[in-house]
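Q: generate a structure from the sequence data that follows.
(one chain, ligands or ions: 1)
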Amino acid sequence: MTHIPEDHPRYASLITREKIVEGVQVGITSQQGLVAQGRGEAFDYLIGERTIESAVIAERVAVAYLLTAERPVISINGNTAALVPGSLVSLADVSEAEMEVNLFHRSDARVHRIIEHLKAHGAGNVLGAKGDARLDLSHDRAIVDQEGIYGADVVLVPLEDGDRCQKLVEMGKVVIAVDLNPLSRTSLSATVTIVDNVTRALENMVYFTKEMKKDNKEQLRGIIDSYDNRKVLADAMYAIQENLKNQAAREGIEWI
Ligand code: PTJ
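A: Next comes the predicted model:
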(Lines give C-alpha, C1' and ligand atoms only; values in the text may rest on other atoms or scores of the structure.)
Protein backbone atom coordinates (compact mmCIF):
# COMPACT_ATOMS: atom_id res chain seq x y z
CA MET A 1 0.00 0.00 0.00
CA THR A 2 1.32 3.47 -0.86
CA HIS A 3 2.10 5.44 2.31
CA ILE A 4 -0.50 8.19 2.77
CA PRO A 5 0.46 10.74 5.46
CA GLU A 6 -2.37 11.27 7.96
CA ASP A 7 -2.18 15.05 7.57
CA HIS A 8 -2.89 14.82 3.82
CA PRO A 9 -6.03 16.90 3.11
CA ARG A 10 -7.56 14.01 1.17
CA TYR A 11 -6.43 11.27 3.58
CA ALA A 12 -9.77 9.40 3.97
CA SER A 13 -10.45 9.39 0.24
CA LEU A 14 -6.93 8.21 -0.63
CA ILE A 15 -7.02 5.41 1.95
CA THR A 16 -10.33 4.20 0.46
CA ARG A 17 -8.71 4.19 -2.97
CA GLU A 18 -5.75 2.17 -1.65
CA LYS A 19 -8.10 -0.42 -0.16
CA ILE A 20 -9.79 -0.95 -3.53
CA VAL A 21 -6.43 -1.27 -5.31
CA GLU A 22 -5.36 -3.82 -2.69
CA GLY A 23 -8.68 -5.65 -3.22
CA VAL A 24 -7.84 -6.00 -6.92
CA GLN A 25 -4.30 -7.16 -6.13
CA VAL A 26 -5.53 -9.98 -3.88
CA GLY A 27 -8.33 -10.98 -6.26
CA ILE A 28 -11.31 -9.84 -4.20
CA THR A 29 -12.29 -6.78 -6.22
CA SER A 30 -12.82 -6.78 -9.99
CA GLN A 31 -10.86 -4.40 -12.20
CA GLN A 32 -14.19 -2.84 -13.09
CA GLY A 33 -14.51 -2.12 -9.38
CA LEU A 34 -11.76 0.51 -9.75
CA VAL A 35 -13.90 2.38 -12.26
CA ALA A 36 -16.96 2.12 -10.03
CA GLN A 37 -14.92 3.51 -7.12
CA GLY A 38 -13.79 6.45 -9.27
CA ARG A 39 -17.39 7.27 -10.04
CA GLY A 40 -18.24 7.03 -6.36
CA GLU A 41 -15.34 9.33 -5.45
CA ALA A 42 -16.58 11.94 -7.91
CA PHE A 43 -20.08 11.94 -6.42
CA ASP A 44 -18.65 11.98 -2.90
CA TYR A 45 -16.63 15.07 -3.81
CA LEU A 46 -19.78 16.76 -5.17
CA ILE A 47 -21.74 16.01 -2.00
CA GLY A 48 -18.93 17.32 0.22
CA GLU A 49 -17.52 13.99 1.48
CA ARG A 50 -19.88 13.98 4.47
CA THR A 51 -23.02 12.19 5.54
CA ILE A 52 -25.90 14.53 4.77
CA GLU A 53 -28.94 14.71 7.05
CA SER A 54 -31.27 12.89 4.67
CA ALA A 55 -28.76 10.01 4.45
CA VAL A 56 -28.94 9.67 8.24
CA ILE A 57 -32.74 9.44 7.92
CA ALA A 58 -32.41 6.77 5.21
CA GLU A 59 -29.84 4.85 7.28
CA ARG A 60 -32.19 4.76 10.27
CA VAL A 61 -35.11 3.61 8.09
CA ALA A 62 -32.88 0.93 6.56
CA VAL A 63 -32.05 -0.30 10.06
CA ALA A 64 -35.75 -0.30 10.99
CA TYR A 65 -36.43 -2.52 7.95
CA LEU A 66 -33.56 -4.89 8.84
CA LEU A 67 -34.74 -5.20 12.44
CA THR A 68 -38.37 -5.93 11.47
CA ALA A 69 -37.50 -8.32 8.62
CA GLU A 70 -38.24 -12.05 8.71
CA ARG A 71 -35.29 -12.93 6.46
CA PRO A 72 -32.86 -10.01 6.03
CA VAL A 73 -29.85 -10.53 3.74
CA ILE A 74 -26.80 -8.34 3.10
CA SER A 75 -25.52 -8.72 -0.47
CA ILE A 76 -21.73 -8.36 -0.79
CA ASN A 77 -19.67 -7.62 -3.89
CA GLY A 78 -15.96 -7.15 -4.54
CA ASN A 79 -15.94 -3.44 -3.70
CA THR A 80 -17.73 -3.63 -0.37
CA ALA A 81 -15.70 -6.69 0.67
CA ALA A 82 -12.49 -4.69 0.15
CA LEU A 83 -13.74 -1.43 1.67
CA VAL A 84 -15.82 -2.40 4.70
CA PRO A 85 -15.43 -6.09 5.61
CA GLY A 86 -15.49 -5.43 9.36
CA SER A 87 -18.61 -3.25 9.24
CA LEU A 88 -20.43 -5.78 7.03
CA VAL A 89 -19.71 -8.54 9.54
CA SER A 90 -20.73 -6.32 12.48
CA LEU A 91 -23.96 -5.24 10.78
CA ALA A 92 -24.90 -8.84 9.96
CA ASP A 93 -24.16 -9.77 13.54
CA VAL A 94 -26.14 -7.01 15.29
CA SER A 95 -29.09 -7.11 12.86
CA GLU A 96 -29.11 -10.94 12.64
CA ALA A 97 -28.97 -10.79 8.85
CA GLU A 98 -27.43 -13.39 6.55
CA MET A 99 -24.47 -12.39 4.38
CA GLU A 100 -24.39 -13.48 0.74
CA VAL A 101 -21.65 -12.89 -1.83
CA ASN A 102 -23.23 -11.91 -5.12
CA LEU A 103 -21.07 -10.74 -8.02
CA PHE A 104 -21.68 -9.04 -11.33
CA HIS A 105 -18.33 -10.24 -12.74
CA ARG A 106 -18.74 -13.65 -11.18
CA SER A 107 -16.14 -16.39 -10.86
CA ASP A 108 -16.25 -19.21 -8.31
CA ALA A 109 -12.68 -18.43 -7.27
CA ARG A 110 -13.57 -14.82 -6.42
CA VAL A 111 -16.73 -15.86 -4.55
CA HIS A 112 -14.63 -18.20 -2.39
CA ARG A 113 -11.91 -15.61 -1.83
CA ILE A 114 -14.49 -13.08 -0.62
CA ILE A 115 -16.10 -15.66 1.69
CA GLU A 116 -12.68 -16.44 3.20
CA HIS A 117 -11.88 -12.73 3.50
CA LEU A 118 -15.16 -12.12 5.41
CA LYS A 119 -14.48 -15.11 7.65
CA ALA A 120 -11.03 -13.67 8.42
CA HIS A 121 -12.93 -10.56 9.60
CA GLY A 122 -15.07 -12.63 11.98
CA ALA A 123 -17.99 -13.75 9.79
CA GLY A 124 -19.71 -17.04 10.59
CA ASN A 125 -21.76 -18.50 7.78
CA VAL A 126 -21.49 -16.68 4.43
CA LEU A 127 -23.84 -17.67 1.61
CA GLY A 128 -23.29 -17.29 -2.13
CA ALA A 129 -21.20 -20.31 -3.10
CA LYS A 130 -24.19 -22.58 -3.78
CA GLY A 131 -25.88 -20.42 -6.39
CA ASP A 132 -28.87 -22.79 -6.43
CA ALA A 133 -31.49 -20.23 -7.52
CA ARG A 134 -31.81 -17.70 -10.33
CA LEU A 135 -33.38 -14.29 -10.69
CA ASP A 136 -34.92 -13.49 -14.06
CA LEU A 137 -31.86 -11.58 -15.38
CA SER A 138 -29.48 -12.27 -18.26
CA HIS A 139 -26.23 -11.66 -16.36
CA ASP A 140 -24.42 -13.40 -13.50
CA ARG A 141 -25.91 -11.24 -10.78
CA ALA A 142 -28.92 -13.52 -11.37
CA ILE A 143 -27.16 -16.36 -9.56
CA VAL A 144 -28.28 -16.36 -5.92
CA ASP A 145 -28.81 -18.75 -3.03
CA GLN A 146 -32.30 -20.11 -2.37
CA GLU A 147 -31.91 -19.70 1.39
CA GLY A 148 -30.35 -16.24 0.96
CA ILE A 149 -31.31 -13.47 -1.46
CA TYR A 150 -33.92 -15.56 -3.30
CA GLY A 151 -36.03 -16.11 -0.19
CA ALA A 152 -35.23 -12.81 1.56
CA ASP A 153 -37.86 -10.21 2.39
CA VAL A 154 -35.34 -7.37 2.94
CA VAL A 155 -32.08 -7.11 0.97
CA LEU A 156 -29.31 -4.57 1.57
CA VAL A 157 -27.46 -4.02 -1.71
CA PRO A 158 -24.52 -1.64 -1.36
CA LEU A 159 -23.12 -0.59 -4.80
CA GLU A 160 -25.64 -2.37 -6.94
CA ASP A 161 -26.44 -2.37 -10.65
CA GLY A 162 -29.86 -1.08 -11.60
CA ASP A 163 -31.18 -4.27 -13.24
CA ARG A 164 -31.03 -6.46 -10.19
CA CYS A 165 -32.31 -3.77 -7.89
CA GLN A 166 -35.40 -3.39 -10.10
CA LYS A 167 -35.85 -7.16 -10.28
CA LEU A 168 -35.70 -7.58 -6.50
CA VAL A 169 -38.26 -4.79 -6.05
CA GLU A 170 -40.51 -6.44 -8.69
CA MET A 171 -40.26 -9.67 -6.67
CA GLY A 172 -41.85 -7.80 -3.75
CA LYS A 173 -38.70 -7.42 -1.67
CA VAL A 174 -37.70 -4.34 0.27
CA VAL A 175 -34.43 -3.19 -1.29
CA ILE A 176 -32.01 -0.92 0.56
CA ALA A 177 -29.32 0.58 -1.69
CA VAL A 178 -26.17 2.51 -0.83
CA ASP A 179 -25.20 4.64 -3.82
CA LEU A 180 -23.56 8.06 -3.97
CA ASN A 181 -25.27 8.81 -7.30
CA PRO A 182 -28.82 9.89 -6.43
CA LEU A 183 -29.87 9.54 -10.07
CA SER A 184 -28.59 6.03 -10.79
CA ARG A 185 -31.21 3.44 -11.77
CA THR A 186 -30.50 1.68 -8.49
CA SER A 187 -31.10 4.85 -6.48
CA LEU A 188 -34.32 5.57 -8.34
CA SER A 189 -35.76 2.08 -7.97
CA ALA A 190 -34.73 1.05 -4.43
CA THR A 191 -37.20 1.16 -1.54
CA VAL A 192 -34.63 3.02 0.58
CA THR A 193 -31.70 4.82 -1.03
CA ILE A 194 -28.78 5.80 1.17
CA VAL A 195 -26.86 8.49 -0.71
CA ASP A 196 -23.65 8.18 1.27
CA ASN A 197 -20.23 6.61 0.94
CA VAL A 198 -20.46 2.94 1.88
CA THR A 199 -17.50 3.53 4.23
CA ARG A 200 -19.57 5.99 6.30
CA ALA A 201 -23.00 4.42 5.77
CA LEU A 202 -22.15 0.95 7.07
CA GLU A 203 -20.45 2.31 10.18
CA ASN A 204 -23.48 4.52 10.91
CA MET A 205 -25.85 1.60 10.38
CA VAL A 206 -23.97 -0.58 12.88
CA TYR A 207 -24.25 2.24 15.42
CA PHE A 208 -27.97 2.82 14.74
CA THR A 209 -28.73 -0.91 14.90
CA LYS A 210 -27.23 -1.19 18.37
CA GLU A 211 -29.29 1.82 19.47
CA MET A 212 -32.58 0.89 17.73
CA LYS A 213 -32.54 -2.74 18.83
CA LYS A 214 -34.07 -1.43 22.07
CA ASP A 215 -37.13 -0.06 20.18
CA ASN A 216 -40.25 -2.20 19.88
CA LYS A 217 -41.66 -3.32 16.50
CA GLU A 218 -44.36 -0.64 16.54
CA GLN A 219 -41.80 2.14 16.99
CA LEU A 220 -39.73 0.69 14.15
CA ARG A 221 -42.80 0.45 11.89
CA GLY A 222 -43.60 4.08 12.71
CA ILE A 223 -40.15 5.09 11.43
CA ILE A 224 -40.75 3.12 8.23
CA ASP A 225 -44.26 4.49 7.66
CA SER A 226 -43.21 8.12 7.81
CA TYR A 227 -40.46 7.66 5.19
CA ASP A 228 -40.49 9.13 1.68
CA ASN A 229 -37.59 7.95 -0.55
CA ARG A 230 -38.29 10.59 -3.24
CA LYS A 231 -37.74 13.34 -0.66
CA VAL A 232 -34.41 11.80 0.29
CA LEU A 233 -33.29 11.73 -3.35
CA ALA A 234 -34.42 15.33 -3.85
CA ASP A 235 -32.51 16.36 -0.72
CA ALA A 236 -29.31 14.69 -1.99
CA MET A 237 -29.55 16.62 -5.28
CA TYR A 238 -30.15 19.84 -3.36
CA ALA A 239 -27.14 19.10 -1.13
CA ILE A 240 -24.92 18.66 -4.21
CA GLN A 241 -26.15 21.94 -5.67
CA GLU A 242 -25.64 23.84 -2.40
CA ASN A 243 -22.18 22.36 -1.89
CA LEU A 244 -21.13 23.47 -5.37
CA LYS A 245 -22.63 26.94 -4.84
CA ASN A 246 -20.78 27.36 -1.54
CA GLN A 247 -17.53 26.18 -3.04
CA ALA A 248 -17.94 28.57 -5.98
CA ALA A 249 -18.66 31.45 -3.57
CA ARG A 250 -15.53 30.65 -1.54
CA GLU A 251 -13.47 30.81 -4.73
CA GLY A 252 -15.17 34.03 -5.86
CA ILE A 253 -16.78 32.32 -8.86
CA GLU A 254 -20.19 33.72 -9.75
CA TRP A 255 -23.02 31.14 -9.76
CA ILE A 256 -25.07 31.71 -12.92
O1 PTJ B 1 -17.67 -7.23 -7.53
P2 PTJ B 1 -18.65 -7.22 -8.66
O3 PTJ B 1 -18.23 -8.12 -9.78
O4 PTJ B 1 -20.05 -7.57 -8.21
O5 PTJ B 1 -18.73 -5.74 -9.26
C6 PTJ B 1 -19.05 -4.66 -8.44
C7 PTJ B 1 -19.18 -3.34 -9.23
C8 PTJ B 1 -19.26 -2.20 -8.21
C9 PTJ B 1 -17.96 -3.16 -10.11
C10 PTJ B 1 -20.46 -3.42 -10.08
O11 PTJ B 1 -21.57 -3.61 -9.25
C12 PTJ B 1 -20.63 -2.16 -10.92
O13 PTJ B 1 -20.20 -2.09 -12.06
O14 PTJ B 1 -21.31 -1.18 -10.33
P15 PTJ B 1 -21.68 0.19 -11.11
O16 PTJ B 1 -22.78 -0.07 -12.09
O17 PTJ B 1 -20.46 0.90 -11.54
O18 PTJ B 1 -22.36 1.02 -9.94
C19 PTJ B 1 -21.67 1.40 -8.83
C20 PTJ B 1 -22.45 2.55 -8.20
O21 PTJ B 1 -21.97 2.70 -6.88
C22 PTJ B 1 -22.23 3.90 -8.91
O23 PTJ B 1 -23.46 4.62 -8.98
C24 PTJ B 1 -21.24 4.65 -8.01
O25 PTJ B 1 -21.47 6.05 -7.98
C26 PTJ B 1 -21.56 4.04 -6.65
N27 PTJ B 1 -20.37 3.98 -5.78
C28 PTJ B 1 -19.10 3.66 -6.10
N29 PTJ B 1 -18.31 3.66 -5.02
C30 PTJ B 1 -19.11 3.97 -3.97
C31 PTJ B 1 -20.44 4.17 -4.44
N32 PTJ B 1 -21.46 4.46 -3.63
C33 PTJ B 1 -21.19 4.53 -2.30
N34 PTJ B 1 -19.96 4.37 -1.78
C35 PTJ B 1 -18.89 4.09 -2.56
N36 PTJ B 1 -17.67 3.92 -2.03
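Q: hey, let's count contacts and neighbours off CA atoms from now on
A: Will do.
Q: all helices for this structure, in order.
A: Secondary structure of the chain, counting by DSSP state H: helices at 11-25, 31-47, 53-68, 78-83, 85-95, 108-120, 162-170, 185-189, 198-212, 217-225, 229-250.
Q: quick one: is the fifth one near the ligand?
A: What it means is helix 85-95. No - judged by C-alpha under 6 Å from any ligand atom, helix 85-95 stays clear of the ligand, getting no closer than 12.8 Å.
Q: contacts only, for the residue minimising distance to the centre of the chain.
A: Taking C-alpha atoms, centre = their mean, the centroid of the chain lies closest to residue 158, which sits 2.2 Å from it. Residues near residue 158 by C-alpha atoms under 8 Å, 6 or more residues apart in numbering: 75, 76, 80, 176, 177, 178, 179, 198.
Q: now with 10 Å?
A: Residues near residue 158 by C-alpha atoms under 10 Å, 6 or more residues apart in numbering: 74-77, 79-80, 176-179, 186, 193-194, 197-198, 201-202.
Q: also near the ligand: which of these, exactly?
A: Among the contacts of residue 158, the ligand is touched by 77, 79, 178, 179, 197, 198 when using C-alpha under 6 Å from any ligand atom.
Q: pick out the most distant pair among those residues.
A: 77 and 197 (15.0 Å; C-alpha to C-alpha).
Q: more neighbours: these two, which one.
A: Regarding residue 77 and residue 197, a neighbour count based on other C-alpha atoms under 10 Å identifies residue 77 as having more, with 26 against 23.
Q: in stretch 150-166, what counts as buried?
A: 150-161, 163-166 (16 or more other C-alpha atoms under 10 Å).
Q: among the residues you listed, which pair sits farthest apart?
A: Pairwise distances among the buried residues of stretch 150-166 were taken by C-alpha to C-alpha; the largest, 20.7 Å, belongs to 151 and 159.
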